[in-house]
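S.K.: please work out how this folds:
(2 chains)
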Amino acid sequence: MTEAPVSPDPRAQAPGPSEGSIPGAGGSRNRIILEVRNLKKYFPVTSGVLTQRIVGVIKAVDDVSFSVREGETLGLVGESGCGKTTTVRCILQLERPSGGEVLFEGKDLARVDEAELRALRRRIQVIFQDPYGSLNPRMTVGQIVGEPLTVHGLVASRGAGFARAAELLSVVGLSGNLADRYPHELSGGQRQRVGIARALALEPRLIVCDEPVSALDVSIQAQIINLLQGLQEEFGLTYLFVAHDLSVVRHISDRVVVMYLGKVMEIADRQALYEDPLHPYTKALLAAVPIPDPTLEATREHTVLRGEPPSPADPPAGCVFHPRCPIAIAECSQGVPPLREVRPGHWAACIRA
Amino acid sequence: MNPVGRLLEVCNLRTHFATSEGVVRAVDGVSYDIREGETVALVGESGCGKSVSALSIMRLIPNPPGRIVGGRILFEDRDLLTLDAEQMRRVRGKEIAMVFQEPMTSLNPVLTIGRQLTETLEIHLNMRKTDAERRAAELLGLVGIPDAERRLSQYPHQFSGGMRQRMMIAMALSCGPKLILADEPTTALDVTIQAQILELLKDLTKRLGVAMLIITHNLGVVARYADRVNVMYAGKVIERGTARQIYHDPRHPYTLGLLRSVPRLDLPRKAKLDPIEGQPPDLVRLPPGCSFAPRCKFAIPRCAHDVPPLMPVTGDHLSACWVAENLASPATSPVP
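M.R.: Reported below is the predicted structural model:
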């Protein structure tokens, strides 16, 4: 890999989305590569064995909007059930959205035809959480990394495919002689490197990293995070980085989206979000993270968020966070607070922010 | 012999597993102790032997392939390794209780929450059914599960992850144990629920005077909750001290590396993380000297062939490293 993954698509440089109206797209430092607009994904809740009746709906993702700029890392953070994984699945077109749009380089992925979708998909790749489950156990490392090239007809011969695979392995810090090994012969960290090499094979523009380090030990996590950062610098990659670990997200992200129960709570630049969070949920999340310093922990105030996230099948009226919110007032249970730009580039869905 | 207040003493414990590859020395000469009422942490990465060490205390090592091949586990001066099965059953759950990572798999899915609580009370404390039921409701209240009457008739799948872990804690406390072994008690939980469960454990152990061995890979959890810390690597304790000694003056290169490799919310963001290079060793083919030597930035020739024992650095701060003295300089402090 000696050049930047893909040259910019001239068609996508047409004046695309109006930046002023997009949450978190305050400045215009870089072109927007991915835009999620009012995305909704509802799953029906059925009852009955033979005749399934729809008795309710789970709003896994409910009116989510954000954008990712070229070359940046956008962190998407939230606890289980917040809808971050469903959002990612909609972006990858693994789920058909119930509403809203996913625009990649200005094109709505749900509306392009099969051939165009295949071409666009090459430019969006994924790194999964579980390097054990996402690699075919019957294929060698070389085959795994070379397969996308063969599938998309990007290599002339099998030999060329192997040569390219070896090159990709060295890019991710693996020795070329691992190409003949099988996934079970590798450690967790090595397997995740193979997953990264496979994602790089098609020279994507955008890589969706879905909890890429949460299954790894801490000493290995740091290796993989450094690798991802190095690759981003080298190849000008854009990352959508989905994780639940707030410390990791702070380290790697330029901007951060916080989700709760299917909705966006806050979007801001890294520094603003971590040093001056506006939404009470973000504040509570940050306060809950234990800090590896016993002296600090002894003096730190431990305000524990009460209760548990409600069921997405029966979300609270008004702000979905209000039943657990320490500063909720009567109005919070009445209307859904809109995501508004409280400060330039800093958006929060809270009427009290 | 027993110093005042010592509740559990693990001496030179060795637990091995026979595999097709060879003998895995999961716990390889581990010693530590727990005093009455204190919280001690075993911290380390996967495969370091922290969980196997706890399962060995409970004598719950599946045999075959596992076997405790040596050492002593003194609990109130009785060696648990010499007890027969019946005696051990009376210790387990009554005097030493365990809280596991996965509450769903450690609860019985076809018994009600109430039945699972009353069963232990009836067996260990010979309670009558009505007394046990009253006590079960009290226990749910103790761990912060509201509406106990209704909750007792429910099944585990009707509980959320956080509620199940509260239920596990209620079961662990039900017979008034002196020691709780908590094996990654919050790893499967979200961060806001993790905070609730850890605060609950801290509050209850303090209030009831129960000692706790907390097993975790999370350095933040250890810093917040542990009085003393044992850092494990490749089946051995490689450093031991108070939480402050371990975090502010680490004297083993592995501890230092772990502390430096995690991104931290309380410090300015670094451009790059400082990982420990390389991979953890294969437990079947451990290197001849210090197991950490191949990954260690401070290794000297001696490290390659001479296994360092756990040696005092200052008083009760111990490190298994030949160059522990050299790590004292401010240059190695993880806090800039």
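
S.K.: can you tell me, leaving aside adjacent residues, what's nearest to the residue of the stretch 1-150 of chain B found nearest chain A?
M.R.: Closest approach between the stretch 1-150 of chain B and chain A, counting by C-beta to the nearest C-beta: residue B:45, at 3.8 Å. For the C-beta atoms, the positions are set from N, CA and C on the backbone; glycine is no exception. Nearest residue to residue B:45 in three dimensions, chain neighbours excluded: residue A:217, at 3.8 Å (C-beta to C-beta, 6 or more residues apart in numbering or on different chains).

S.K.: which of the three states applies to the residue of the stretch 1-150 of chain B closest to chain A?
M.R.: coil (DSSP: H, G, I helix; E, B strand; the rest coil).

S.K.: quick check: it vs residue B:223, distance?
M.R.: Separation of residue B:45 from residue B:223 (C-beta to C-beta, to the nearest Å) stands at 17 Å.

S.K.: try residue B:38
M.R.: Going from residue B:38 to residue B:223 by C-beta to C-beta gives 16 Å.

S.K.: likewise residue B:47?
M.R.: In this view, residue B:47 and residue B:223 are 23 Å apart by C-beta to C-beta.

S.K.: and these two? Which one has more around it.
M.R.: Taking other C-beta atoms under 10 Å in any protein chain shown, residue B:47 and residue B:223 do not tie; residue B:223 has more neighbours (25 against 19).

S.K.: residue B:268: how many residues sit nearby?
M.R.: Under the criterion other C-beta under 10 Å, the count of neighbours that residue B:268 has is 6.

S.K.: what of residue A:154?
M.R.: 16.

S.K.: cool, and the one 3 residues further on?
M.R.: Residue A:157 is surrounded by 9 other residues when neighbours are defined as other C-beta under 10 Å.

S.K.: touching chain B at all, the helix ranked longest in chain A?
M.R.: Longest helix in chain A by number of residues (criterion: DSSP state H): helix A:218-235. Yes: judged by C-beta under 8 Å from any C-beta of the partner chain, helix A:218-235 comes into contact with chain B through A:218-223, A:225-226, A:229.

S.K.: quick one, helices of the chain?
M.R.: Picking chain A for this. Using DSSP H, helices in chain A cover A:84-91, A:114-122, A:141-151, A:158-171, A:188-200, A:218-235, A:246-252, A:270-275, A:280-288, A:294-299.

S.K.: wait, chain B
M.R.: According to DSSP H, the helices that chain B contains are B:50-57, B:85-91, B:103-106, B:113-125, B:129-142, B:148-152, B:161-173, B:191-208, B:219-225, B:243-248, B:253-261.

S.K.: and the fourth one with helix B:161-173, angle?
M.R.: Read it as helix B:113-125. With axes from the mean of the first three to the mean of the last three C-alpha atoms, to 10 degrees as the basis, helix B:113-125 and helix B:161-173 are set at 20 degrees to each other.

S.K.: and helix B:113-125, what other elements does it pack with?
M.R.: helix B:129-142, helix B:148-152, helix B:161-173 (3 or more C-beta pairs under 8 Å, 6 or more residues apart in numbering or on different chains; DSSP states H and E).

S.K.: now it against helix B:129-142, angle please.
M.R.: 110 degrees.

S.K.: buried stuff in helix B:113-125?
M.R.: B:113-121, B:124 (16 or more other C-beta atoms under 10 Å in any protein chain shown).

S.K.: how about TSV for those residues, with pLDDT added?
M.R.: Listed next are those as TSV, based on pLDDT from 0 to 100:
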residue	pLDDT
B:113	92
B:114	93
B:115	93
B:116	92
B:117	92
B:118	93
B:119	90
B:120	88
B:121	91
B:124	87
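
S.K.: just put these in CSV and tack on distance to residue B:64.
M.R.: Output for those, formatted as CSV (distance: C-beta to C-beta, whole Å):
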residue, distance to residue B:64
B:113, 34
B:114, 37
B:115, 33
B:116, 29
B:117, 33
B:118, 35
B:119, 29
B:120, 29
B:121, 34
B:124, 29
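
S.K.: and these, which is closest to residue B:279?
M.R.: residue B:116 (40.8 Å; C-beta to C-beta).

S.K.: nearest residue to the closest one in space, please, no chain neighbours.
M.R.: In space, residue B:116 is closest to residue B:108, 5.9 Å off (C-beta to C-beta, 6+ apart).

S.K.: per-residue confidence for the one you found?
M.R.: Here, the pLDDT recorded for residue B:108 equals 89.

S.K.: do residue A:77 as well
M.R.: 96.

S.K.: look up how far residue B:310 lies from it.
M.R.: For residue A:77 relative to residue B:310 (C-beta to C-beta), the value is 40 Å.

S.K.: the two - which one has more neighbours?
M.R.: Of the pair residue A:77 and residue B:310, residue A:77 is the one with more neighbours under other C-beta under 10 Å, namely 25 against 19.

S.K.: the more buried one reaches residue A:248, doesn't it?
M.R.: No: judged on C-beta atoms under 8 Å, residue A:77 makes no contact with residue A:248 at a distance of 9.2 Å.

S.K.: thinking again about what came up before, so what's the residue nearest to residue B:45 up against?
M.R.: Residue A:217 sits next to A:188-189, B:45-46, B:217, B:280 when contact means C-beta atoms under 8 Å, 6 or more residues apart in numbering or on different chains.

S.K.: chain B contacts on the stretch 201-350 of chain A?
M.R.: Going by C-beta under 8 Å from any C-beta, the residues of the stretch 201-350 of chain A near chain B are A:217-223, A:225-226, A:229, A:244, A:246-248, A:250-251, A:270, A:274, A:284-297, A:302, A:304-306, A:308-309.

S.K.: local confidence estimate at whatever residue of the stretch 251-353 of chain A ends up closest to chain B?
M.R.: Nearest residue of the stretch 251-353 of chain A to chain B: residue A:290, at 3.2 Å (C-beta to the nearest C-beta). We have a pLDDT of 89 for residue A:290.

S.K.: give me the phi and psi for it.
M.R.: The phi/psi pair for residue A:290 (degrees, to the nearest 10) reads phi -70, psi 140.

S.K.: what pLDDT does the model give the residue lying farthest from the centre of chain B?
M.R.: Ranking residues of chain B by C-alpha distance from their mean position (C-alpha atoms, centre = their mean) puts residue B:130 at the top, at 35.0 Å. Residue B:130 carries a pLDDT value of 92.
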